[in-house]
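Asks: Provided below are the primary sequence and the corresponding predicted coordinates.
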Amino acid sequence: MWLSHLHLDHMCDLLNAYYALSYGELPARAPLPVYAPAALAERLVGFFGGLTDVLDLRPLSDGHVVELGDLRLISRAVEHGCDAYALRAEFGGQVLAYSGDCAPCDALDEVAAGADLLLCEANDPQPTPVHHTPGQAGALARRTGVKHLVVTHVGPLLDPQQATAEASEVFDGPTTCAAVGSTISY
């Protein structure tokens with residue numbers, strides 16, 4: 001599991017995973033690796049009363065690299081007003097980039113550079129120091145040579161379809177609105 005930052009909308013599913021692994025009558029298995037900002041351990045103590053053997057917490061840092069067989073995961077610290085990381089996943093010559101939540105920044109440009117698929121949040125209608133607007137998401141994709149942009153984590157002040165349309169006005173490549181259960185094949 002990889003957590004970009006520790007705001008509840010990005011980590012609350014970890015509580016369900018912990019409960020299922022601890023009490024869900026699942027077959028015994030190795031602890032679940034969880035890559036996340038270092039402060040996760042102390043946050044979880046409040047929920048669990050202490051860490052157990054079902055989660056293997058592995059702190060992220062800027063430039064952290066994880067290699068799992070042919071899969072390479074690279075984290076970069078991004079601007080979100082807290083300890084936050086974007087992710088670049090490389091496998092079989094293809095690249096998936098994920099912004100997490102953040103404002104435009106050089107580190108995110110590096111993560112997205114030449115990506116086959118960019119998942120970029122477009123949370124705010126106006127520029128802020130912590131999130132992208134739809135236009136900024138489109139500009140990121142255009143500037144970094146992304147092949148396909150998926151607009152995700154659209155904030156409550158925006159309509160997801162309209163946000164995607166706004167991003168596509170700036171980025172001339174394929175632009176998709178993220179939807180639960182959707183897939184993109186290459």
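Replies: Received it, and whenever you're ready, just let me know what you need.
Asks: in a strand, V95, correct?
Replies: Yes - assigned with DSSP: H, G, I helix; E, B strand; the rest coil, V95 falls within a strand.
Asks: residue furthest from the geometric center of this structure?
Replies: Relative to the centre of the chain, and counting by Cα atoms, centre = their mean, the farthest-placed residue is E25 at 29.5 Å.
Asks: tell me which element that residue is part of?
Replies: Using DSSP states H and E, no element contains E25; it sits outside every helix and strand.
Asks: same question, S75
Replies: strand 71-77.
Asks: give me the mean pLDDT for the very next helix or strand once past that strand.
Replies: Using DSSP H and E, the helix or strand that directly follows strand 71-77 along the chain is strand 85-91. Confidence for strand 85-91, expressed as mean pLDDT, is 98.
Asks: helices or strands up against strand 85-91?
Replies: In terms of contacts (3 or more Cβ pairs under 8 Å, 6 or more residues apart in numbering; DSSP states H and E), strand 85-91 is packed against strand 71-77, strand 94-98, helix 106-112. For every residue, glycine as well, the C-beta is placed using N, CA and C.
Asks: roughly how far out does the last one sit from the chain middle?
Replies: With Cα atoms, centre = their mean, to the nearest Å as the basis, the distance from the averaged C-alpha position of helix 106-112 to the chain average is 13 Å.
Asks: for stretch 140-158, same thing?
Replies: Centroid separation for stretch 140-158 versus its chain: 12 Å, with Cα atoms, centre = their mean.
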